[in-house]
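In: Just the structure for this:
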Amino acid sequence: MQLKSDFLIIYVFGLATMGLVMGITCVVIPRLWFFLERAYRVFMEYTPIIYQSEDRLSPVSKSRLSLVARKTLVLDMDNTMITSWFIKSGKKPENKPRIAHDFKFYLGAYGATIYVYKRPYLDHFLDRVSKWYDLTVFTSGAEIYASPILDFLDRGRGILKSRLYRQHCIEQFGMWSKSVLQACPDLSNVVLLDNSSKECSSNAGNAILIRSYEVGSRDQALINLLPFLDALRFLKDVRPMLERCTRFKSFAQ
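Out: Predicted structure coming up:
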């Protein structure tokens with residue numbers, strides 16, 4: 001009698017264990033399969049974008065380039081090249097990105113630690129355009145905030161030495177705005193890259209609007225711009241081309 005009772009307990013326990021295993025399997029395996037499927041799709045659909053690492057110009061292209069002036073590319077900083085996150089001392093961070101930051105520093109004037117996230121392909125982008133253009137960074141941010149970030153982005157290469165900050169902005173219709181004339185007095189040879197449509201409208205004919213960078217996104221905006229910027233440097237005057245491509249209206253209008 002005792003043997004039958006023990007057998008019954010083992011039988012019930014075995015059924016319960018089997019049911020538990022099957023239940024876990026039914027829950028876990030579909031999720032695992034879904035995860036593996038997504039990982040496979042990302043891997044298969046991912047194509048690393050690269051642009052030529054050096055100029056390979058034909059004799060005709062070299063001759064054409066020698067006939068035009070070297071141009072100035074004015075780069076906005078926040079949300080164009082980087083995104084930053086301010087965390088006040090003693091306060092719990094809210095909605096801080098979970099991905100690793102590229103650079104951080106403490107800004108005593110603001111009593112905050114600044115976390116900096118570079119836009120994807122930024123280093124390669126700066127390497128290429130610095131060979132084609134004279135670079136100027138024009139940010140509406142304060143110099144004490146922007147200067148350490150630009151030093152980090154420059155990495156001792158000396159390509160971001162020309163810098164304009166908030167104090168170099170001008171008042172226009174009750175708002176502070178940038179003017180590419182601050183970087184280059186010849187409007188035929190200067191291009192602004194900015195995520196602000198207001199700033200692009202203030203510099204109609206000399207601006208390229210780039211979408212704002214969101215931390216963690218698979219952003220390819222900078223690398224996608226390289227062929228266009230490469231071609232733009234061969235023009236005698238950039239304004240006719242930029243007016244056709246961007247179609248910004250003057251901010252005054």
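In: Looking at the residue lying closest to Leu232 once chain neighbours are set aside now. What's its pLDDT?
Out: Closest residue to Leu232 apart from its sequence neighbours, by Cβ to Cβ, 6 or more residues apart in numbering: Val238 at 5.7 Å. To be clear about C-beta, it is placed using only N, CA and C from the backbone, and glycine gets the same treatment. pLDDT recorded at Val238 is 96.
In: Val238 contacts Cys184, correct?
Out: No: using Cβ atoms under 8 Å, Val238 makes no contact with Cys184, being 10.7 Å away.
In: joint contacts of the two?
Out: Residues touching both Val238 and Cys184 (Cβ atoms under 8 Å, 6 or more residues apart in numbering) are Val190.
In: Identify the residues contacting the helix or strand containing Arg163?
Out: Using DSSP states H and E, Arg163 sits within strand 162-164. Taking contacts as Cβ under 8 Å, 6+ apart, the residues outside strand 162-164 that touch it are 134-139, 146-147, 150, 178, 182-183.
In: which of the residues you listed are buried?
Out: 134-139, 146, 150, 178, 183 (16 or more other Cβ atoms under 10 Å).
In: which of those sit farthest apart?
Out: Asp134 and Ala146 (19.0 Å; Cβ to Cβ).
In: Please name the residues that touch Pro120.
Out: Pro120 neighbours (Cβ under 8 Å, 6+ apart): 218-220, 222-223.
In: pLDDT score assigned to Gly174?
Out: Looking at Gly174, the pLDDT reads 72.
In: burial count for it?
Out: Other residues lying near Gly174 total 5 when counted by other Cβ atoms under 10 Å.
In: Could you measure from the closest residue to Val68 other than its chain neighbours over to Leu192?
Out: In this structure, Val68 finds its nearest non-sequential neighbour in Lys236, 5.2 Å apart by Cβ to Cβ, 6+ apart. Distance of Lys236 to Leu192, computed by Cβ to Cβ, to the nearest Å: 19 Å.
In: which of those two has more neighbours?
Out: Per other Cβ under 10 Å, whichever of Lys236 and Leu192 has more neighbours is Leu192, with 27 against 11.
In: Leu209 is in contact with the more buried one, correct?
Out: No: the pair Leu192 / Leu209 is not scored as a contact, 9.3 Å apart, by Cβ under 8 Å.
In: Adding pLDDT, write the contacts of Pro120 out as JSON lines.
Out: Shown next, in JSON lines, are the contacts of Pro120 (pLDDT from 0 to 100):
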{"residue": "Arg218", "pLDDT": "86"}
{"residue": "Asp219", "pLDDT": "92"}
{"residue": "Gln220", "pLDDT": "93"}
{"residue": "Leu222", "pLDDT": "96"}
{"residue": "Ile223", "pLDDT": "93"}
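In: What does the pLDDT read for the most centrally placed residue in the chain?
Out: Nearest to the geometric centre of the chain sits Arg119, at 2.6 Å (Cα atoms, centre = their mean). For Arg119, the pLDDT comes out at 96.
In: If we ignore the residues flanking it in sequence, what's nearest it?
Out: Arg119's closest residue in space is Tyr213 (Cβ to Cβ, 6+ apart), at 4.6 Å.
In: What segments of the chain are strands?
Out: With strands called from DSSP state E, the chain shows them at 72-75, 82-88, 103-107, 112-118, 134-138, 162-164, 170-172, 175-177, 190-194, 207-209.
In: Nice, that's everything, thank you.
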